[in-house]
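Undergrad: Here's my sequence, what's the structure:
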Amino acid sequence: MAMRELFMFADRRSALAFWLGSLFVVGGVLLHLPMFIMAHALHYRLAGMPMGADMLWGMALIVGGAAAAAYGLQPKRPSLGHRVSHERIVAPEDAPLTRWHWAAGAALALALVVDIMKVSSLGFVIPGMRVEYGISQAEVALLPLSALTGATLGSFIWGALADLYGRRATILLSAVMFIGTSICGAMPSFGWNLFMCFLMGASAGGMLPVAYALLAEIMPTRHRGWSLIVVGSAGALGGFLAASGFSAMLQPEFGWRIMWFLNLPSGLMLIAVSPLIPESARFLVHIGRPEEARATLARFGCVVISETEDWDEEAKLDHSHLPPVDRRFAGTTIALTIAALSWGFVNFGLLLWLPGELIAEGRNIEVAAAIIARSSFIAVPVVAVAALLYSRWSTKGSLLTMIGVMALGLLVLMMRQGGVAAAANPVIALTLLIVGSTGVISILLPYTAENYPLRIRGRATGWVAGCSKGGGLVSQGMSALALVPGLGAAAGAIAMPVVAGLALIFLYGRETRGRDLRELERPALVADSKG
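TA: Got it, this is the predicted structure:
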């Protein structure tokens, strides 16, 4: 029982399956290290080398271990039709933060650092990969496209799993699979790297929305807004700094492949701090595990009232559909979907196309980089302003404001391309776009997590996160196919969904500041039981 209470497994057999599975995954990764170590004299260049039997056995261990870990994390549910004692949560929504809130927030921030670090590492490994494999710029561009495809699908998949397995269980499973993708550093061909990079994106891509869903459910109402933004932004900033720092420290000695092998220690570190990451008590109550819910609530100073309810009513809840199918949230989902796609077009498209456009105008690469760096310098204070507006003013108003700033940046960019003298300086458009896009992504997922009931919160947040990456996927696909239009035309095309998202959020968005998320639960149950 002690092990069950500490790690939130369904029983001892499940705990054993998870830990043995994790051990197999680590063992599978370690079987790939000898090939990497033996290439020391070649400065860790493995291109064209054959894959030995130890590496093939290692892959088998990773697949089997991941399956065992997934089995161990599967939640135990009461039998349908059985009357159970549900614990209705009466949490002190105005309570102060406890040390467990801070610990959980720090652990989730670490999870996001691990998540973002790997995506940020792509830019640091591509130059070395291109030289080792002797491939063109167009070919190596397939690597971020593969990772982004995996991350997009991963957001959808992990978001759905969070509503079925649980928030904490999904984060742990993602960490185990993330460890397995360390073997990308030992792959001898570019094709294998593309495949493993896709799996890496798929395994880590959903950690961000799941972390937001969990944080929204454990934080008191008055602290929920700012904590969601601060934890997410700390993860994003820390992930980039970790990627750049490790690259500068390790790549000169060990080559680009070492950046992939960092998945092993970073994933293990995340599992090590997992006792600090609680399962959502609301989710535990939802699936009929009141004992674990009571233990979790005791950590956070919550009050519990026992009630006996018929499990048949809870069983009527439909967990199979994606958020767009839920008619009660259709307007909100469409609005957030369009806003997320628009952000992806701007962040992964327009802002990445701008440097080439500046160089095409006759500016050298150093000047172009300086312009972008100067505009990007304001991203950090923007996060602080977004957190302040979101928690102190209005959640809906804050998101509308940031989308409006992004739309204004697109307008200035169109004016610049049209020859308007007042918009000639590229710093103006760049600053507005960076401020707007930074503010939007800081607010979008926290706002999404606060707009859906518990039963679909994970997949809703995963859906919106996946759409934000999906916009980037479309943009990068256009780049790979050389279909990028002129910057003015691109800004005009992107402005249409941006304005549409702005209008739809104004119409269908809800104000969530100070709102008790439990208000979303009972109407959902009643609506489903009647439907």
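
Undergrad: ok, which stretches of the stretch 251-400 of the chain are helices?
TA: For the stretch 251-400 of the chain, applying DSSP state H, counting those that start in this stretch gives helices covering 258-261, 263-272, 281-286, 290-299, 311-315, 330-345, 351-360, 365-376, 379-392, 395-417.

Undergrad: Would you mind giving those as CSV with mean neighbour count added?
TA: Using the backbone N, CA and C atoms, a C-beta is placed for each residue, glycine as well. Compiled in CSV, those are given as follows (neighbours: other C-beta atoms under 10 Å):
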stretch, mean neighbour count
helix 258-261, 22
helix 263-272, 20
helix 281-286, 24
helix 290-299, 19
helix 311-315, 15
helix 330-345, 24
helix 351-360, 17
helix 365-376, 14
helix 379-392, 18
helix 395-417, 22
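
Undergrad: what's in contact with stretch 430-440?
TA: Stretch 430-440 is contacted from outside by 339, 343, 346-347, 350-351, 354, 371-372, 375-376, 378-379, 382-383, 385-386, 398-399, 401-410, 412-413, using C-beta atoms under 8 Å, 6 or more residues apart in numbering.

Undergrad: mind checking how far it is from the chain centre?
TA: Relative to its parent chain, stretch 430-440 has a centroid offset of 19 Å by C-alpha atoms, centre = their mean, to the nearest Å.

Undergrad: cool, and stretch 166-176?
TA: Offset of stretch 166-176 from its chain centre (C-alpha atoms, centre = their mean): 13 Å.

Undergrad: what does stretch 498-517 give?
TA: On the basis of C-alpha atoms, centre = their mean, stretch 498-517 sits 21 Å off its chain's mean C-alpha point.

Undergrad: Same question for stretch 483-490.
TA: In terms of C-alpha atoms, centre = their mean, the centre of stretch 483-490 is found 28 Å from the chain centre.

Undergrad: So what would you say the end-to-end distance of that stretch is?
TA: 11 Å (C-alpha to C-alpha, to the nearest Å).

Undergrad: comparing the helices of the stretch 251-400 of the chain, which gets the lowest mean pLDDT score?
TA: Ranked on mean pLDDT, the bottom entry among those is helix 311-315, at a mean of 40.

Undergrad: any idea how the chain splits into domains?
TA: According to automatic domain parsing, the chain comprises the domains 86-309, 323-530.

Undergrad: Helices of the stretch 1-150 of the chain, residue ranges please.
TA: Here the stretch 1-150 of the chain has its helices, by DSSP H, counting those that start in this stretch, at 2-7, 12-30, 33-38, 53-73, 99-133, 137-140, 142-164.

Undergrad: Highest mean neighbour count out of those helices?
TA: helix 142-164 (a mean of 24; mean count of other C-beta atoms under 10 Å).

Undergrad: and that helix, how far out from the chain's middle?
TA: Centroid separation between helix 142-164 and its chain, computed with C-alpha atoms, centre = their mean, is 9 Å.

Undergrad: and the nearest residue to L30 once chain neighbours are set aside, what does it touch?
TA: Excluding its sequence neighbours, the residue lying closest to L30 (C-beta to C-beta, 6 or more residues apart in numbering) is G58, at 7.5 Å. Listed by C-beta under 8 Å, 6+ apart, the contact partners of G58 are 27-32, 183.

Undergrad: pLDDT and distance to M117 for the residues you listed - can I get that in JSON lines?
TA: Shown next, in JSON lines, are those (pLDDT from 0 to 100; distance: C-beta to C-beta, whole Å):
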{"residue": "G27", "pLDDT": "94", "distance to M117": "24"}
{"residue": "G28", "pLDDT": "93", "distance to M117": "22"}
{"residue": "V29", "pLDDT": "93", "distance to M117": "17"}
{"residue": "L30", "pLDDT": "93", "distance to M117": "21"}
{"residue": "L31", "pLDDT": "92", "distance to M117": "24"}
{"residue": "H32", "pLDDT": "89", "distance to M117": "20"}
{"residue": "I183", "pLDDT": "88", "distance to M117": "18"}
